[in-house]
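> Just the structure for this:
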Amino acid sequence: MRIIHTSDWHLGRRFEREPLEEDQRAFLDWLADQVAERQVDLVLVAGDIYDRSQPAEDAVALLDLGLDRLRAAGAEVVLLPGNHDSARRLGFGAGRQSLGGVHVFADERTPPTPKVLEFGGERVALVAVPFLDPHVAPTPRPAEDGTPRPATHQSVLADALEAGRQGLAGLDAMPSIAVAHAYVSGAGLSDSERTLAIGGADQVDPAVFAGFDYVALGHLHRPQRIGGSEAIAYSGSPLPYSFSEDHQKSVRLLEVTDGGLTDVTSVPVPVGRKVVTLTGTLEGLLTDPAHELVTDRWVAARLTDDTVQTQPMERLRARFPHAVSLRYDDPRTGAIVDFGSDGSPIEERTDESVVLEFLEEVRDRTPSDSERLLVLDALVEAHRGARP
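Here you go, the predicted structure:
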């Protein structure tokens, strides 16, 4: 049996307001080709299928097409919601989809039951846990001494996995795989990952996953093993979603042979635009021949000029068509000027334009006239309250 572990597709996401649908479609096509070429039986997607709890129509259509391609290539698919997804929306029709080989585990309120899947004479038992909001999941069981346990992600996930282990105890011997969406302590973050809580309340100890042969994790975008073990790992996102994600993207391929997990390898993802951050004077960025190697990447420019340059974004885009971020780092004063997506300095823009751009970014649509009026009213009140 062959299994691919992937996660954090974030369908519908943009990169610095630039659309990513073409790159995401290319990834799903490549993934289906891998399923066919490598004769993969099962694809595990460990959360954050969409980028928003209310995904855009185009994102829903893209997932529909991607799932059809994976099924046509010969693999069944396991999906679970991450913190970006709506469990109820993603879980709609889960029973019917399972009949067609797409298994959605989106029940946040019921302890997980192991699901046994069989391919080519090999069997695995899956314990799939959707992202659990401590305020929505069942109240954590009391500690052994009877005292209440705090309602943290650690507590609710530990309870869910323990229920899964109890279910495994009643099954025949076979490899067990936990699938979860969580921030495991000791793992490395990227800039594009949404913080789930403050003060570390969103983190979980790797020890909660004890007893499983493999743990397929989602949430963090950097592919990484936990504790140096191949048994607990993040696949990472298939595409970069921030400039901190300049690492190689990949999926993980698992082999189950003779009743055991025998091999885990990393398969590089060759599609999608890469990212680069370039630092130097504007003239240097425009003329250095070494930069010819990165003209097709998403570019963040960090200018070291000690004077403000004329139309820097327009000039950069003449050489780097995908330049989307520009900032001055003035070495004399330490002053920083950030530029918005239209190339204008944030500091020189009106409060209204900054707020409206933010709303458009997080909601993936242009604010309505009534929403614009609400923003204006709120800004007026805020300025009135700030007066001495």
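> Let me know the helix or strand that L374 is in.
For L374, the element it lies in under DSSP states H and E is helix 369-386.
> same question, R71
helix 57-73.
> what about the helices in the stretch 1-150 of the chain?
For the stretch 1-150 of the chain, the helices defined by DSSP state H, counting those that start in this stretch cover 21-38, 57-73, 87-90, 94-99.
> who wins for proximity to L303 among those?
helix 21-38 (27.1 Å; C-beta to C-beta). Any C-beta I mention is one placed from the backbone N, CA and C, and that applies to glycine too.
> helices or strands next to that closest one in the packing?
Packing partners of helix 21-38 (3 or more C-beta pairs under 8 Å, 6 or more residues apart in numbering; DSSP states H and E): strand 2-6, helix 57-73, strand 250-257.
> what's the most buried one of the ones you listed?
strand 2-6 (a mean of 25; mean count of other C-beta atoms under 10 Å).
> what pairs with that strand, and is each one parallel or antiparallel?
Applying DSSP bridges to the sheet, strand 2-6 is found paired with strand 42-45 (parallel), strand 250-257 (antiparallel).
> just to revisit the earlier point, compile the helices and strands packed on helix 21-38 into JSON lines and extend it with columns for distance to A382 and mean pLDDT.
Output for the helices and strands packed on helix 21-38, formatted as JSON lines (distance: least, C-beta to C-beta, whole Å; pLDDT from 0 to 100):
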{"stretch": "strand 2-6", "distance to A382": "43", "mean pLDDT": "98"}
{"stretch": "helix 57-73", "distance to A382": "33", "mean pLDDT": "97"}
{"stretch": "strand 250-257", "distance to A382": "45", "mean pLDDT": "97"}
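> I'd like these laid out as a markdown table, including distance to A178.
What follows is these, written out as a markdown table (distance: least, C-beta to C-beta, whole Å):
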| stretch | distance to A178 |
| --- | --- |
| strand 2-6 | 11 |
| helix 57-73 | 22 |
| strand 250-257 | 13 |
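> Among the ones you listed, which comes closest to R38?
strand 2-6 (6.1 Å).
> still on that earlier bit, the helix holding R71 versus helix 21-38: what angle between them?
10 degrees (axes from the mean of the first three to the mean of the last three C-alpha atoms, to 10 degrees).
> contacting residues around helix 57-73?
Around helix 57-73, the neighbours that count as contacts under C-beta atoms under 8 Å, 6 or more residues apart in numbering are 9, 11-12, 21, 24-25, 28-29, 31-33, 35-36, 40, 43, 49-52, 55, 77, 100-102.
> what do you get for stretch 264-275?
Contacts for stretch 264-275 (C-beta under 8 Å, 6+ apart): 4, 15, 23, 26-27, 29-30, 34, 214, 223, 230, 233, 238-240, 242-243, 245-246, 248-255, 294, 296-300, 322.
> Buried ones from these, can you make that a ChimeraX selection?
A single ChimeraX command selects the buried members of the contacts of stretch 264-275 (16 or more other C-beta atoms under 10 Å):
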select :4,15,23,26,27,30,34,214,223,233,238,239,240,242,243,245,249,250,251,252,253,254,294,297,298,299,300,322
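> Give the bridge partners for V45, please.
T6, L79.
> so what's it up against?
Taking C-beta under 8 Å, 6+ apart, one finds T6, S7, W9, V77, V78, L79, L80, G218 in contact with V45.
> Recalculate using a threshold of 7 Å.
T6, S7, W9, V77, V78, L79 (C-beta atoms under 7 Å, 6 or more residues apart in numbering).
> Which pLDDT value goes with the second one?
You'll see S7 listed with a pLDDT of 98.
> Now do the same contact list for it.
V45, A46, G47, D48, G218, S235.
> As CSV, these with pLDDT and distance to G164 would be great.
Listed next are the contacts of S7 as CSV, based on pLDDT from 0 to 100; distance: C-beta to C-beta, whole Å:
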residue, pLDDT, distance to G164
V45, 98, 18
A46, 97, 15
G47, 95, 16
D48, 96, 21
G218, 96, 17
S235, 97, 20
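> closest to Q311 among those?
D48 (37.6 Å).
> Identify the residues contacting the closest residue to that closest one other than its chain neighbours.
Sequence neighbours aside, G82 is the residue nearest to D48 in space, at 3.4 Å (criterion: C-beta to C-beta, 6 or more residues apart in numbering). Counting by C-beta under 7 Å, 6+ apart, G82 makes contact with G47, D48, F131, H181, G218, H219.
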